[in-house]
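J.: sequence first, predicted model second:
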Amino acid sequence: MPDRPAYQPVTEADLAPLLATGWMVIEGGRCIAKVFTFANFVEAFGFMTRAALWAEKWNHHPDWSNVYKTVTVTLTTHDTHGLTDLDVKLAQKMDQLAFD
Ligand SMILES: C[C@H](O)[C@H](O)[C@H]1CNC2=NC(N)=NC(=O)C2=N1
């Protein structure tokens, strides 16, 4: 397995745009979470499918659940037990994909 680039810490400036789109910092700053609501189940699942491709490409996977038209997402970096640049990157991508 090729070494991955070093994780980068997350700053308040990194988080501010995410907080503005509905992400919340939880678990004492170790995670960010958001509830996405779509028009219906198929839209919700399509979002998860698109996001899954990016998660796999970046080898950074969400902790998420889907109930009908909502998708609840929690992001953290298991390797560091906290937030890293990968969580910010995946959250930004999820926000983009949700509005596709
Ligand atoms: C071995 C594998 O590369 C690691 O377990 C990856 C996989 N996906 C991951 N996903 C998340 N959310 N955090 C991680 O630390 C992480 N690490």
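T.: On my side now, so go ahead.
J.: need the residues of this protein near the ligand, please.
T.: Contact residues (C-beta under 6 Å from any ligand atom) of the chain with the ligand: Asn59, His60, His61, Thr76, Thr77, His78, Asp79. Yep, even glycine has a C-beta here, placed from its N, CA and C like the rest.
J.: residue ranges with poor pLDDT in the chain?
T.: Under the criterion pLDDT under 70, the flagged ranges of the chain are 1-2.
J.: strands of that one, residue ranges please.
T.: For the chain, the strands defined by DSSP state E cover 24-26, 31-37, 63-67, 70-75.
J.: okay, those strands in TSV with mean neighbour count and distance to Val88 next?
T.: As requested, the strands of the chain are exported to TSV (neighbours: other C-beta atoms under 10 Å; distance: least, C-beta to C-beta, whole Å):
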stretch	mean neighbour count	distance to Val88
strand 24-26	13	12
strand 31-37	18	8
strand 63-67	14	16
strand 70-75	19	9
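J.: mind putting the ones you listed into TSV with distance to Pro5?
T.: Below are the strands of the chain laid out as TSV (distance: least, C-beta to C-beta, whole Å):
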stretch	distance to Pro5
strand 24-26	24
strand 31-37	20
strand 63-67	22
strand 70-75	18
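J.: skipping adjacent residues, who's closest to the spatially most central residue of the chain in space?
T.: Centroid-nearest residue in the chain, with C-alpha atoms, centre = their mean: Ala91, separated by 3.6 Å. Nearest in space to Ala91, with sequence neighbours left out and distances taken as C-beta to C-beta, 6 or more residues apart in numbering, is Leu18 at 5.2 Å.
J.: what's the spacing between the one you found and the ligand?
T.: 16 Å (C-beta to the nearest ligand atom, to the nearest Å).
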